[in-house]
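> Requesting a structural model of the entry that follows:
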Amino acid sequence: MSIPNTVVKYVNKEGQIEDFQVSRIADSICKAIEDVEGEQLALADRRAQIYAQRVTDRVYREYYDIDWLTEEFITQYLSYDEEERHHRMKDAFVTERITFVLMETFKDRLSSRDPAKEPDQLEDYIREQMESAEVDPRFTHSLFPELTEDELNKIVKFLQEEVLEMSKQELSPEILCPPREYIQDTVEKELKRIGEIQIAEGYMIYREGRKKVNEGDISELQFTNNGIHQDLVRRTLEWNVDHQCDSVFELNRWITGEDGRDLVELVEAAEERFKTDIEETAAKILERRQEIDVVVIAGPSCSNKTTTTVIIGDQLEKEGMKFKQLNVDDYFYDLKDQPKDRFGDYDFEMPGAIDMPLLNEHLSQLVQGATIDKPIYNFEAGCRDGTEPFTRDPDEIILIDCLHGLYRDLTSSVPQSSKFKIYIESMNVLRGVEGRYTRWADVRMLKRMIRDSRHRGYSMENTLSHWPYVRKGELKHIIPYIFSTDVVLNSGLPYELPVLKKIIGADYPAHDYINQLKEDNRLAAYVRGKRTAALLDTIEPFPDLEIIPGTSPIREFIGGSDYVIPHND
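Below is the predicted model:
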């Protein structure tokens with residue numbers, strides 16, 4: 001096949017090649033705009049047409065444009081340390097694409113159409129393409145090495161071998177044309193690139209929800225197009241209104257003691273609400289104690305899952321039901337085996353970052369009463385550094401606290417009827433200074449900044465720049481399951497923001513760093529960094545952390561918890 005000059009065909013979900021229609025992309029983007037912004041004054045249709053064309057242009061570049069692919073390949077190659085380049089690039093998407101395009105364009109030069117018969121000419125052709133590449137100076141100067149003659153020779157040899165290997169294969173439809181899944185991924189990426197972060201997230205959650213319905217992971221009745229549990233949000237807002245902490249201004253009055261308010265009263269009331277919700281959840285588990293082998297607590301990053309897991313375990317023990325907590329974080333693959341981008345950032349927010357075969361093998365053995373050699377993961381070193389014996393007695397129940405606990409394949413070795421599933425979210429339903437509700441995902445990011453900097457060897461800047469990966473994992477593999485669980489809990493506390501501001505203080509990423517994210521075209525992180533900084537500016541810092549009880553879920557992040565928190569050991 002000769003390379004087309006635009007996207008003509010794509011691979012549908014049945015694996016068949018059919019005509020590509022940009023209008024279908026425009027329709028899906030238009031729906032996302034209307035869902036997020038409403039139909040009035042959004043100019044959704046016109047904007048969607050423009051965005052869809054940008055998506056199409058990007059798909060073409062990343063699939064067929066030899067100049068773009070050459071520059072991207074060199075950029076990615078140089079961004080990796082020398083000892084990991086071959087390992088990283090061997091499986092990289094850009095390697096597959098440039099290999100295909102080099103092969104097809106080289107064939108057009110040959111009468112035989114067989115690159116294997118002209119290896120020397122192939123080498124010269126690849127070298128010609130590499131030497132003509134115009135790579136962004138950011139990736140050939142400063143911290144990145146320049147493309148030396150030795151490196152150029154290595155690249156040419158590497159790509160020559162890849163082309164010759166591909167030329168011997170029967171090419172799949174996905175090699176010839178972009179698949180539907182890839183195009184949908186590109187919609188998300190392009191919307192984020194141009195700064196339409198909310199629309200991108202709205203598009204993602206609708207897409208993933210429909211996908212999970214089609215795959216049978218959730219039912220039509222469990223589908224959500226926005227990931228918001230409206231009933232729980234309403235009840236939380238009613239509680240906040242009743243306790244005069246539903247806005248930034250009201251919250252600051254508690255912090256400063258205005259109007260005779262005593263902050264201790266708000267803290268105690270919030271903790272009592274959380275305790276009551278936990279006790280009701282534990283009671284539901286006890287009702288099914290004869291059939292449950294595993295309790296799964298899942299939810300987005302830093303939604304207080306660990307503390308909730310520990311507290312529920314304590315509640316069950318009071319009723320004579322023992323528990324055994326299995327920390328799924330210990331089943332992460334080593335960091336060197338996780339996907340890594342050109343900025344050196346790892347994407348370990350997907351279920352695939354977890355060794356699910358080993359986890360399921362261990363769960364099956366534990367349910368049957370066997371002892372396992374559980375791995376121990378060292379987050380600072382980024383790898384497993386040993387094992388320890390772990391067993392479950394007949395009268396014990398396994399408690400799992402995991403970001404992706406509701407992902408079906410994570411615990412597939414345990415029957416659905418033997419699991420009790422809890423979804424937990426930290427919902428801070430609070431109106432900002434302009435009257436719009438703040439985003440509780442921003443508050444969770446602040447918690448993660450504290451946790452990562454104290455216990456996981458990452459700076460707050462690292463956490464901010466990495467957060468788009470976190471959100472992608474949440475939107476794809478966590479939030480769509482919110483209506484498929486036995487219980488949904490809100491662990492958010494109305495006084496969290498002042499506490500987080502007190503702890504973070506001047507350590508929040510500097511304006512220069514956030515602005516550099518914009519220069520690097522990392523707009524998702526940039527937008528969230530600016531928005532969260534502005535939110536913190538409106539909040540008064542918590543005056544005295546000593547009034548927060550050791551049983552509070554916020555102690556999971558700020559320290560001083562009465563419970564043993566694994567990441568605080």
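> List the contacts of the closest residue to residue 479 other than its chain neighbours.
The shortest distance from residue 479 to any non-neighbouring residue, by Cβ to Cβ, 6 or more residues apart in numbering, is to residue 227 (3.8 Å). Every C-beta, even on glycine, is put in place using the N, C-alpha and C of the backbone. The contact partners of residue 227, by Cβ atoms under 8 Å, 6 or more residues apart in numbering, come to 205, 475, 479, 480, 482.
> For the residue lying closest to residue 210 once chain neighbours are set aside, give its distance to residue 517.
Of all residues not flanking residue 210 in the chain, residue 223 sits nearest, at 7.2 Å (Cβ to Cβ, 6+ apart). Counting by Cβ to Cβ, to the nearest Å, the gap from residue 223 to residue 517 is 34 Å.
> Kindly report the same for residue 47.
Note on residue 47: its distance to residue 517, by Cβ to Cβ, is 24 Å.
> neighbour count winner among those two?
residue 517 (22 against 17; other Cβ atoms under 10 Å).
> still on that earlier bit, dihedrals phi and psi, the residue nearest to residue 210?
When read as degrees, to the nearest 10, the backbone of residue 223 gives phi -70, psi 140.
> I'd assumed residue 483 was in contact with it.
Yes. Using Cβ atoms under 8 Å, residue 223 makes contact with residue 483 at a distance of 7.5 Å.
> what packs against the helix or strand harbouring residue 274?
Element membership of residue 274 [criterion: DSSP states H and E] is helix 263-287. Counting contacts by 3 or more Cβ pairs under 8 Å, 6 or more residues apart in numbering; DSSP states H and E, helix 263-287 packs against helix 248-256, helix 305-318, strand 419-425, strand 487-490.
> Please repeat the previous calculation with a cut-off of 10 Å.
Judged by 3 or more Cβ pairs under 10 Å, 6 or more residues apart in numbering; DSSP states H and E, the packing partners of helix 263-287 are helix 230-242, helix 248-256, strand 294-298, helix 305-318, strand 419-425, strand 487-490, helix 496-504.
> same for the fifth one, what does it pack against?
Secondary-structure packing of strand 419-425 (3+ Cβ pairs under 10 Å, 6+ apart): helix 230-242, helix 263-287, strand 294-298, helix 305-318, strand 396-401, helix 440-455, strand 487-490.
> what's the fourth one packed up against?
In other words, helix 305-318. For helix 305-318, the elements it packs on are helix 263-287, strand 294-298, strand 322-327, strand 396-401, strand 419-425, strand 487-490, helix 555-558, judged by 3+ Cβ pairs under 10 Å, 6+ apart.
> Just tell me which of the ones you listed ends up closest to residue 185.
Closest approach to residue 185 among the helices and strands packed on helix 305-318 (Cβ to Cβ): strand 294-298, 23.6 Å.
> What lies in contact with the one helix or strand residue 513 maps to?
Using DSSP H and E, residue 513 sits in helix 511-519. Residues from elsewhere that reach helix 511-519 (Cβ atoms under 10 Å, 6 or more residues apart in numbering): 138, 195, 343, 459-461, 464-465, 508-510, 522-530, 532-533.
> that older thread, could the helices and strands packed on helix 263-287 go into JSON lines alongside mean neighbour count and distance to residue 162?
Below are the helices and strands packed on helix 263-287 laid out as JSON lines (neighbours: other Cβ atoms under 10 Å; distance: least, Cβ to Cβ, whole Å):
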{"stretch": "helix 230-242", "mean neighbour count": "14", "distance to residue 162": "51"}
{"stretch": "helix 248-256", "mean neighbour count": "19", "distance to residue 162": "55"}
{"stretch": "strand 294-298", "mean neighbour count": "25", "distance to residue 162": "40"}
{"stretch": "helix 305-318", "mean neighbour count": "21", "distance to residue 162": "43"}
{"stretch": "strand 419-425", "mean neighbour count": "24", "distance to residue 162": "44"}
{"stretch": "strand 487-490", "mean neighbour count": "21", "distance to residue 162": "48"}
{"stretch": "helix 496-504", "mean neighbour count": "22", "distance to residue 162": "47"}
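> how about low-confidence regions in the stretch 201-350 of the chain?
Residue ranges of the stretch 201-350 of the chain with pLDDT under 70: 338-349.
> again, 50 this time
For the stretch 201-350 of the chain, no stretch has pLDDT under 50.
> Next: the stretch 51-200 of the chain.
Within the stretch 51-200 of the chain, the segments meeting pLDDT under 50 span 139, 141-144.
> if we can go back for a sec, give the residues shared as contacts by residue 223 and residue 483.
Applying Cβ under 10 Å, 6+ apart, one finds that residue 223 and residue 483 are jointly contacted by residue 209.
> quick one: which of the contacts of helix 511-519 sit in helices?
By the criterion of DSSP state H, membership of those in helices covers 460-461, 464-465, 523-530, 532-533.
> if we can go back for a sec, export the helices and strands packed on helix 263-287 to JSON lines and append columns for distance to residue 172.
Output for the helices and strands packed on helix 263-287, formatted as JSON lines (distance: least, Cβ to Cβ, whole Å):
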{"stretch": "helix 230-242", "distance to residue 172": "43"}
{"stretch": "helix 248-256", "distance to residue 172": "54"}
{"stretch": "strand 294-298", "distance to residue 172": "35"}
{"stretch": "helix 305-318", "distance to residue 172": "40"}
{"stretch": "strand 419-425", "distance to residue 172": "37"}
{"stretch": "strand 487-490", "distance to residue 172": "41"}
{"stretch": "helix 496-504", "distance to residue 172": "49"}
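> so which of these gets nearest residue 400?
Among the helices and strands packed on helix 263-287, strand 294-298 comes nearest to residue 400, with 4.9 Å by Cβ to Cβ.
> Remind me what the closest one packs against, helices and strands.
Under the contact criterion of 3+ Cβ pairs under 10 Å, 6+ apart, strand 294-298 touches helix 263-287, helix 305-318, strand 322-327, helix 356-367, strand 396-401, strand 419-425.
> Burial-wise, tell me which of these comes out on top.
Among the helices and strands packed on strand 294-298, the stretch with the highest mean neighbour count (mean count of other Cβ atoms under 10 Å) is strand 419-425, at a mean of 24.
> then it to PDB, C-alphas only?
Extracted in PDB, the C-alpha atoms of strand 419-425 (Å, rounded to 0.1, in the frame of the first residue of the first chain):
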ATOM      1  CA  LYS A 419     -17.300  -9.900  47.300                       C
ATOM      2  CA  PHE A 420     -18.600  -6.800  49.000                       C
ATOM      3  CA  LYS A 421     -17.700  -3.700  47.000                       C
ATOM      4  CA  ILE A 422     -17.400  -0.200  48.500                       C
ATOM      5  CA  TYR A 423     -16.800   2.900  46.400                       C
ATOM      6  CA  ILE A 424     -15.300   5.800  48.300                       C
ATOM      7  CA  GLU A 425     -14.900   9.400  47.200                       C
END
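> how big is the angle separating that strand from helix 305-318?
Angle between the axes of strand 419-425 and helix 305-318 is 140 degrees (criterion: axes from the mean of the first three to the mean of the last three Cα atoms, to 10 degrees).
> any idea how far strand 419-425 is from the chain center?
Going by Cα atoms, centre = their mean, to the nearest Å, the spacing between the C-alpha centre of strand 419-425 and its chain's C-alpha centre is 19 Å.
> same thing with stretch 113-126?
From the chain centre to the centre of stretch 113-126 is a distance of 42 Å (Cα atoms, centre = their mean).
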